[in-house]
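**Student:** Predicted structure and sequence below. I'll ask about it afterward.
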Amino acid sequence: MPIPFRDLGEGEPLGVAGFLRFIDEPDGRGIRGALFIMSARGEPVEFAFTRIKLRSGVLWRQGHARSSSVSALAKALFESASNRADVVFSLAEETPPAVFSDDIRPEIPLCRVASRGSVSLAPTEETQQLSESLTLYWTNGVPPPGSVTAQVVELLAQRQLLIEPFERAAMGIQEAFDS
């Protein structure tokens, strides 16, 4: 006789989230980037990574060379993805606000995540305070309550998966480039 059980994932709203990570190389000459896509339950779906030589020189405005490099990495990672996410997150401290306001216009919900301190805000970003220490800066508006995006954010927040996946992405970058 089988053991009775209830599948807790059954009937749960499905959703997929992408996490962008941009890490400066130790020598300062390049930036490594990754797009980690996972289910709202935290299960890996896809991992893509690449690197770019940091655009530099005296003719660049301060900070613009890095912003341009991050933008180029994001474009390459988005183009390489074989799965579509319902929402994409990036760390506000790694992603200049101009990347998703001036350089790339995402067609799905995207936000920069800040877990401490204040960050620069693009004029088009909307702020959502999830907790005392967690702020989301949405590039195309805070998702309406009940939407797939709002449900995914709520599930990730409940499972404490709004910051942790960035660490997994960093470990993936390290393994990919340092092995």
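**Tutor:** Noted; the coordinates are in hand.
**Student:** contacts and neighbour counts: CA atoms only from here.
**Tutor:** Fine.
**Student:** now the longest helix belonging to the chain: how far from the chain's centre is it?
**Tutor:** In terms of residue count, the longest helix belonging to the chain (DSSP state H) is helix 64-80. Centroid separation between helix 64-80 and its chain, computed with Cα atoms, centre = their mean, to the nearest Å, is 13 Å.
**Student:** Report the rounded mean pLDDT for the helix or strand that it is followed by.
**Tutor:** Next along the chain after helix 64-80, taking DSSP states H and E as the criterion, comes strand 87-91. The pLDDT scores in strand 87-91 average 97.
**Student:** what do you get for stretch 108-127?
**Tutor:** Mean pLDDT, computed over stretch 108-127, is 88.
**Student:** Now the terminal residues of it, how far apart.
**Tutor:** Length of stretch 108-127, first residue to last, Cα to Cα, to the nearest Å: 17 Å.
**Student:** List the buried residues of the longest helix of the chain.
**Tutor:** By 16 or more other Cα atoms under 10 Å, the buried positions in helix 64-80 come out as 65-74, 76-78.
**Student:** these two touch, right, E126 and V142?
**Tutor:** Yes: at 6.3 Å, E126 and V142 qualify as touching, with contact defined as Cα atoms under 8 Å.
**Student:** can you pull out the strands in the protein?
**Tutor:** Along the chain, counting by DSSP state E, strands occupy 16-24, 30-39, 44-53, 87-91, 110-114, 126-131, 134-138.
**Student:** For the longest helix of the chain, name the packing helices and strands.
**Tutor:** If you count contacts as 3 or more Cα pairs under 8 Å, 6 or more residues apart in numbering; DSSP states H and E, helix 64-80 packs onto strand 30-39, strand 44-53.
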